[in-house]
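Engineer: Give me a model of this one.
(chains A, B, C, D, E and F)
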Number of protein chains: 6
Amino acid sequence: MANKTALVISAHSADFVWRCGGAIALHQSLGYNVTVVCLSYGERGESAKLWKQDGMTMEKVKSERRKEAENAARALDAHDIRFFDVGDYPLDLGPETQERMVDVIREVQPAFMMSHSKWDPYNTDHMRTTDFALTCRMIAQAWGHKPGQKVLGAPQLYLFEPHQTEQMEWKPDVFLDITPVWEKKWAAIQCMQGQEHLWNFYKNVAENRGNHFRRNSGGQAGGRDCKYAEGFQSIFPRTVDEL
Amino acid sequence: MANKTALVISAHSADFVWRCGGAIALHQSLGYNVTVVCLSYGERGESAKLWKQDGMTMEKVKSERRKEAENAARALDAHDIRFFDVGDYPLDLGPETQERMVDVIREVQPAFMMSHSKWDPYNTDHMRTTDFALTCRMIAQAWGHKPGQKVLGAPQLYLFEPHQTEQMEWKPDVFLDITPVWEKKWAAIQCMQGQEHLWNFYKNVAENRGNHFRRNSGGQAGGRDCKYAEGFQSIFPRTVDEL
Amino acid sequence: MANKTALVISAHSADFVWRCGGAIALHQSLGYNVTVVCLSYGERGESAKLWKQDGMTMEKVKSERRKEAENAARALDAHDIRFFDVGDYPLDLGPETQERMVDVIREVQPAFMMSHSKWDPYNTDHMRTTDFALTCRMIAQAWGHKPGQKVLGAPQLYLFEPHQTEQMEWKPDVFLDITPVWEKKWAAIQCMQGQEHLWNFYKNVAENRGNHFRRNSGGQAGGRDCKYAEGFQSIFPRTVDEL
Amino acid sequence: MANKTALVISAHSADFVWRCGGAIALHQSLGYNVTVVCLSYGERGESAKLWKQDGMTMEKVKSERRKEAENAARALDAHDIRFFDVGDYPLDLGPETQERMVDVIREVQPAFMMSHSKWDPYNTDHMRTTDFALTCRMIAQAWGHKPGQKVLGAPQLYLFEPHQTEQMEWKPDVFLDITPVWEKKWAAIQCMQGQEHLWNFYKNVAENRGNHFRRNSGGQAGGRDCKYAEGFQSIFPRTVDEL
Amino acid sequence: MANKTALVISAHSADFVWRCGGAIALHQSLGYNVTVVCLSYGERGESAKLWKQDGMTMEKVKSERRKEAENAARALDAHDIRFFDVGDYPLDLGPETQERMVDVIREVQPAFMMSHSKWDPYNTDHMRTTDFALTCRMIAQAWGHKPGQKVLGAPQLYLFEPHQTEQMEWKPDVFLDITPVWEKKWAAIQCMQGQEHLWNFYKNVAENRGNHFRRNSGGQAGGRDCKYAEGFQSIFPRTVDEL
Amino acid sequence: MANKTALVISAHSADFVWRCGGAIALHQSLGYNVTVVCLSYGERGESAKLWKQDGMTMEKVKSERRKEAENAARALDAHDIRFFDVGDYPLDLGPETQERMVDVIREVQPAFMMSHSKWDPYNTDHMRTTDFALTCRMIAQAWGHKPGQKVLGAPQLYLFEPHQTEQMEWKPDVFLDITPVWEKKWAAIQCMQGQEHLWNFYKNVAENRGNHFRRNSGGQAGGRDCKYAEGFQSIFPRTVDEL
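Structural biologist: Down below sits the predicted model:
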């Protein structure tokens, strides 16, 4: 039987590392094939360190960022990473990008999808990516879109953790224990040479989400000894046979 | 090994039937022991039909309502039903009721709890019950409350479906398939002789939540053939090992 | 046939003047009997000017405030004004006050009720009054509360305009043209000798709400030439035969 | 004197039936002329049943959907139905469509407009249609847009009921009694051959909104005996002469 | 040392006067250089009075509106006013306008920016301008956008007061005392010959915000004697060394 | 001239340390006198580690917790710490506690106050404390409450950071740089022997809020080199003379 699959839609090429690197590595270890789509390299907006170097060019920045992302994906055992290279700040999310994304969604047939928070006043690329993900999911579900292709079911869309959760009005409803794969996430984080100022930040996040996991799984009266976790906000309700 | 348990806190004696009768019957069928606490009989505020009869007294109303609730609990195979009889419209949720409830919570040690929506401008009994449930859950978790008793972990509090969901600002994040136990819920509903005007209403709700279940589990591309469902809103984030 | 009726629940004795004086006078002119209940005189919290006078006592403040409120009620042609005198900052809204209020609600059988905004961090008396109004409305609807009395139907609860609308999270969904009775409201406002610093403020409010009325009734393409208006937020949905 | 008019903006050709078929038939019976604009046939995204048939083509789907919508409009006595045919999943709501819609709005001069909910993560066509309706309403109000044409006043925009109200953050503030025209709505619903799985769903909705109508018009103490209703959310405040 | 600077982004050419004229004049008096960008003249949507004149043309309207805006800017001592002339109802906020705006932002290097409310169902130009301002701010911060130019820091974006604050879900978190420059704002307001119906409205607003300033700075126990104020909502958190 | 003052209202005796220890130490270093009121010792609900020891009694727990809090206050150079000892889980916030608190507020005459988040489903003591703080602030402003005492002005109420910010719907609007006093906060944290599991958690919080400070003060283009920060949410709008 085929592996389960998941799909991460990352506005810039480093987002998937900080925000759901643990989920990627963990689900790979559970037998999922996780595909990561980086819409851009973050070449204009998230590469300050590179641009401060002499003689930097757009091509060098992209190439550097691509390498970092590929290394990180490898560190996380990601099944697949794809670069749409649609530019950043802002992203070009027009009809052509939409079509490419719908094709990938239908190809992957993900059990769940991941993307950014719904609101981000610091970075409109992020919130437009989530809006775009919802539209593409809808198209992938349309029986009249490229009839004959396999139509998408109803995968959850998880919003991964943004940089300033409260300003982005992001509220996690599920915490995932990533302790078993923390070393992989930490290795992936360290691939991001251009954003070293964020390494410790996201280590702290993982530790503190671990604390939240412990608290919500029982605290001092039976809480699970989770050391590192990631939080996600679900867009759609779950359907279950037991609460 | 002991059965898993669940605890339903119902402001008035019929609420548990309409709002989570399916969840009760289903979890009983899964081996849980479900305890229902009815804080009141709804004797003043939810017994219009009885009060319209000649010669009605408070005692007769309570007795009638208790019988109906016990019959319904039986129809649902509920493990246990308890009547706090603290009066209604409004409920007396003072220190004494609080102490009784904390004792029950600690005794039951529920895997999950259920109560009303956070806001209900039609029925302040409902929203105060939820507030009360949160406070009692907190006390039950305190190591210094009756030291020596078993301290509560961190059970989810599910808010069950109110009468007018949108007015109560209630948003379900999980749908439970109650098809296997629908006949039991329907039988329980019919025990509520005093509120026959609500029978068909809650049948419609169950059918339409079944539609939402189908849609959210895949719709026309793989959705589960669920006929009846119940929706719940979670207060706390979940902690998981797989998304 | 009996007149239609309305009921205003005012935390302090001046609130009904600023916030719904126009609605009172207008509905009186339409043949309603409007009853005003002042829970307190605002004797401690809203009588700064009086307290700054030498030799002031609680009784003198109350008496002064009562006279002002009675004068204002008269200026508005209010059918009836009642003073519960339960103290302010904070109000005593315990069981006894509740019982009195439920009795008044059942006696008046209002076509609509009015009270304060749901949230008010400056003045918790205000928001507790609204919460109290909802509870009393619920009790008045209970067939088992003092059986034999006439049970309340489902009157709208309008929240009248607070002092700082945005901070109180108050959003009007209906504007009432009070131009025909503006002179009465202005006269009533001037009865409030102790709060002269608010006269012009509420005149500005009435003028600007008139502008909003014009804009929402058609603006430059057919808007009604309203000069003064009041805004209200509805708690409950309306039921209509034509949109 | 000319009839009053209303305008329904429906993203896909069946939306107007489920969501406001009763309002259309009722207002026609009250002497309004109601115009329905279907932006698309829902040919790609809401025609699964047709696409599952062998040899289906886009033209056949559109033609079939158009016939169903015309039949439904006839069953509802709608004055007029127009098909913009701008494609679906996603809709093309660019400048040209905008211009066409503004022209229709100015031609119709509606007393009120209707469209979808503000948020719909399942179906971004829906929420973009509402945004589009607001923009077109604004342009139709501009004196400098095609000077000489009759400028639009300030019609209400009612948001009709979406499929999963809570997920769409839709909250009705008005219930309309559609009992007198229920048979027409039911007939219109049955015109939608391609979406038979939704017939019973929307019958349940109509019955349960009837229950909400009864409750909000007085419940057991004077509520109107409404059997079927529709709910709507208003975007703009009302302007009135009596509450 | 160079003056501090500020940047106002005004959808139509009169918005900056009503909504932040006081802030402009005050900061000029404090030594700031304030630049105003009017994206359009409001020539189609906010010039009804002009269009009602015989023989009016688009060019005349624009020219008239430009003169008014320039006069107002002069009355406020604004350092600079620029007209992008991108059309209104709707604005053209495409890539070209974006590029122009980013260039201005980088040129001005504002200590703070100002724009419209996040939501405005009456006027989608307003809310799209705010969205546009956030995107342009983001691009101006990108090191890879026109490398070599001075990169933008993190200026606050203040949302100025819309016409109907509650409908626009706008909540001020800061009140600015504009008493010292009120005469300048009043003079600027009177430059807006085409919108005389709004003069008194915004005078009332200024007075009532003065009242809010007094209340929030201490009220009757030490509040500042402010006569006129403006309110603003901040998008981003502040960073301080003392609370 | 007298020192400026501030007042922290802490539900349990450790809250002030984690949540605003930096603000206390910093403002002391700026010449403020900061008073801390601990409503309870957290003796029942926040002393799990102590209760797990053999032979523990309520008195020992309280005494231990008091010592820790006094040590922490000393480490922070707090001007004053007071213990109301009203019990916890739940707190007794009745009329007597209210009176005591109002007296303290009037005595201290704080330039600003601090308390908990508005919502906390995990710990209703926290949210009731904030509600209580608002009521006491209101009473302290009443000229008729204990006439002759100095009446309170309008101090800001800052809500300090809760344990799970997103679940508590807490959103900081100001970040305070506590780098100069971090060593004191760290020393104070280490006084909390009973809650060692939280030490690292709040160190991470301080570091990550430092990152947010840097980002919001300019990021890579001029952001301040802040290492540790605390975030606060303001209840009331500010009043300023310059933005």
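
Engineer: can you pull out the strands in chain A?
Structural biologist: A:5-10, A:33-38, A:80-83, A:112-115, A:156-160, A:174-177, A:229-234, A:238-240 (DSSP state E).

Engineer: Kindly reformat these as a markdown table containing mean pLDDT, distance to chain F and mean neighbour count.
Structural biologist: Every C-beta, even on glycine, is put in place using the N, C-alpha and C of the backbone. Formatted as a markdown table, the strands of chain A follow (pLDDT from 0 to 100; distance: least, Cβ to the nearest Cβ, whole Å; neighbours: other Cβ atoms under 10 Å in any protein chain shown):
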| stretch | mean pLDDT | distance to chain F | mean neighbour count |
| --- | --- | --- | --- |
| strand A:5-10 | 98 | 20 | 26 |
| strand A:33-38 | 98 | 21 | 24 |
| strand A:80-83 | 98 | 24 | 17 |
| strand A:112-115 | 98 | 17 | 26 |
| strand A:156-160 | 98 | 12 | 24 |
| strand A:174-177 | 98 | 10 | 24 |
| strand A:229-234 | 98 | 8 | 25 |
| strand A:238-240 | 98 | 18 | 19 |
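
Engineer: which residues touch the residue of chain A found nearest chain F?
Structural biologist: Residue of chain A nearest chain F, by Cβ to the nearest Cβ: A:Asn204 (3.7 Å). Counting by Cβ atoms under 8 Å, 6 or more residues apart in numbering or on different chains, A:Asn204 makes contact with F:Asn204, F:Val205, F:Glu207, F:Asn208.

Engineer: quick one on the thing from earlier: need the strands of chain A in JSON lines with distance to E:Pro110, can you?
Structural biologist: Compiled in JSON lines, the strands of chain A are given as follows (distance: least, Cβ to Cβ, whole Å):
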{"stretch": "strand A:5-10", "distance to E:Pro110": "31"}
{"stretch": "strand A:33-38", "distance to E:Pro110": "32"}
{"stretch": "strand A:80-83", "distance to E:Pro110": "35"}
{"stretch": "strand A:112-115", "distance to E:Pro110": "32"}
{"stretch": "strand A:156-160", "distance to E:Pro110": "31"}
{"stretch": "strand A:174-177", "distance to E:Pro110": "40"}
{"stretch": "strand A:229-234", "distance to E:Pro110": "33"}
{"stretch": "strand A:238-240", "distance to E:Pro110": "45"}
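
Engineer: Tell me which of the contacts of A:Asn204 fall in helices.
Structural biologist: Filtering the contacts of A:Asn204 for membership in helices, criterion DSSP state H, returns F:Asn204, F:Val205, F:Glu207, F:Asn208.

Engineer: Report the two of these separated the most.
Structural biologist: Across those, no pair lies farther apart than F:Val205 and F:Glu207, at 7.4 Å, counting by Cβ to Cβ.

Engineer: For these two, indicate the residue with more neighbours.
Structural biologist: F:Val205 (22 against 17; other Cβ atoms under 10 Å in any protein chain shown).

Engineer: So which elements touch the helix or strand of chain A with the lowest mean pLDDT?
Structural biologist: Least confident helix or strand of chain A, by mean pLDDT, DSSP states H and E, is helix A:48-51 with a mean of 94. With contacts defined as 3 or more Cβ pairs under 8 Å, 6 or more residues apart in numbering or on different chains; DSSP states H and E, helix A:48-51 has these neighbours: helix A:58-75.

Engineer: Not counting the helix it packs on itself, show me its contacts.
Structural biologist: Contacts with helix A:58-75, where a contact means Cβ under 8 Å, 6+ apart, come from A:13-14, A:16-17, A:21, A:36, A:38, A:41-43, A:47, A:50-51, A:81, A:83, A:85, A:184, A:187-189, A:191-194, E:144.

Engineer: just to revisit the earlier point, can I get the least confident helix or strand of chain A in PDB, CA atoms only?
Structural biologist: This file holds the C-alpha atoms of helix A:48-51, laid out as PDB (Å, rounded to 0.1, in the frame of the first residue of the first chain):
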ATOM      1  CA  ALA A  48      19.800  40.400   4.700                       C
ATOM      2  CA  LYS A  49      23.000  38.800   5.800                       C
ATOM      3  CA  LEU A  50      23.900  37.800   2.300                       C
ATOM      4  CA  TRP A  51      23.000  41.200   0.800                       C
END
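
Engineer: distance between that helix and the chain's centre?
Structural biologist: 23 Å (Cα atoms, centre = their mean, to the nearest Å).

Engineer: roughly how far apart are the residue of chain A found nearest chain D and A:Met138?
Structural biologist: Nearest residue of chain A to chain D, counting by Cβ to the nearest Cβ: A:Gly144, 3.4 Å away. Applying Cβ to Cβ, to the nearest Å, the value for A:Gly144 to A:Met138 is 12 Å.

Engineer: can you check A:Gly87 too?
Structural biologist: Taking Cβ to Cβ as the measure, A:Gly87 falls 24 Å from A:Met138.

Engineer: which ones are touching the closest residue to A:Trp182 other than its chain neighbours?
Structural biologist: Nearest-residue entry for A:Trp182: A:Tyr228, 4.3 Å, with adjacent residues in sequence omitted and distances by Cβ to Cβ, 6 or more residues apart in numbering or on different chains. A:Tyr228 makes contact with A:Gly22, A:Asp177, A:Ile178, A:Thr179, A:Trp182, A:Lys185, A:Ala206, A:Glu207, A:Arg209, A:Gly210, according to Cβ under 8 Å, 6+ apart.

Engineer: List only buried entries from the residues you listed.
Structural biologist: Neighbour counting by 16 or more other Cβ atoms under 10 Å in any protein chain shown classes A:Gly22, A:Asp177, A:Ile178, A:Thr179, A:Trp182, A:Lys185, A:Ala206, A:Glu207, A:Arg209, A:Gly210 among those as buried.
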